[in-house]
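[1] here are the coordinates; sequence isn't available:
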């Protein structure tokens, strides 16, 4: 019983500091198990290309197909989908090849995630969605949402950056009709990476249901 009595507080303290460590790095935490550096000497295209887990190989092929490399590197902010999201989209749309994908979408499939504004970060986001015009000439929303994590009889709050695919009206906006379809919410799994070409890079969750807007 003595062992349990004295180890329990140590375990609680360890869990607390482990959570605090993860929380402090939350905006740069990768689902592949590593931590992202906040700056890189690579431009945006090179940074995605250098991913050791090849999470953006298909995304880069789409960028090459539509000639978006220069646009990518000159974007102020890019919400990067991962290959997992691309595969999810292809499965939902019953697309079985890259050639079929190219025929099914346009450059807007990715330019909807590019912005001139380089300040679309977790730190700058608000709890209420703010509308922004992207390079696909459509309007989307950006916001952060609070989440909680319980540990050692305490509740901790952390924030997740969200990209909102607006369906007709921004949810909750004044004048929105009662039958307005629900907007699509895409969470970010990594945010705030600054590339050498000046892009603020936010990476969307692997399970994001992306659609062309």
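    It's in. Source: prediction; values computed, not measured.
[2] residue 99 and residue 61, how far apart?
    Distance of residue 99 to residue 61, computed by Cβ to Cβ, to the nearest Å: 11 Å. For the C-beta atoms, the positions are set from N, CA and C on the backbone; glycine is no exception.
[3] actually residue 94, not the one I typed
    20 Å.
[4] residues in contact with the helix or strand in which residue 132 is found?
    Assigned by DSSP states H and E, residue 132 belongs to strand 130-133. When contacts are defined by Cβ atoms under 8 Å, 6 or more residues apart in numbering, strand 130-133 is touched by residues 115, 117, 120, 139, 140, 141, 142, 143, 166, 170.
[5] dump the residue contacts of the closest residue to residue 164 other than its chain neighbours.
    Nearest residue to residue 164 in three dimensions, chain neighbours excluded: residue 141, at 3.3 Å (Cβ to Cβ, 6 or more residues apart in numbering). The contact partners of residue 141, taken as Cβ under 8 Å, 6+ apart, are 129, 130, 131, 132, 162, 163, 164, 166, 170, 183.
[6] cutoff 10 Å now
    Taking Cβ atoms under 10 Å, 6 or more residues apart in numbering, we find residue 141 in contact with 128-132, 162-166, 170-173, 183-185.
[7] sec struct for it, please.
    strand (DSSP: H, G, I helix; E, B strand; the rest coil).
[8] give me the neighbour count for the residue nearest to residue 41 when sequence neighbours are not counted.
    Excluding its sequence neighbours, the residue lying closest to residue 41 (Cβ to Cβ, 6+ apart) is residue 196, at 5.3 Å. Counted by other Cβ atoms under 10 Å, the residues lying close to residue 196 total 14.
[9] pLDDT score for residue 196?
    What the model reports as pLDDT for residue 196 is 98.
[10] sorry, back to before: can I get the buried part of the contacts of residue 141 as one ChimeraX selection?
    This is how ChimeraX selects the buried members of these, with burial counted by 16 or more other Cβ atoms under 10 Å:
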select :129,132,162,163,164,165,166,170,171,183,184,185
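[11] so which of the contacts of residue 141 belong to strands?
    Among those, the ones falling in strands (DSSP state E) are 130, 131, 132, 162, 163, 164, 165, 184, 185.
[12] I figured residue 183 hits residue 171, correct?
    Yes: judged on Cβ atoms under 10 Å, residue 183 makes contact with residue 171 at a distance of 4.7 Å.
[13] mind listing the shared neighbours of those two?
    Shared contacts of residue 183 and residue 171, defined by Cβ under 10 Å, 6+ apart, comprise 129, 141, 164.
[14] which of residue 94 and residue 61 has more neighbours?
    Taking neighbours as other Cβ under 10 Å, residue 94 and residue 61 compare with residue 61 leading, 15 against 8.
[15] nearest spatial neighbour of that one, skipping sequence neighbours?
    Ranked by Cβ to Cβ, 6+ apart and with sequence neighbours excluded, the top spatial neighbour of residue 61 is residue 98, at 6.6 Å.
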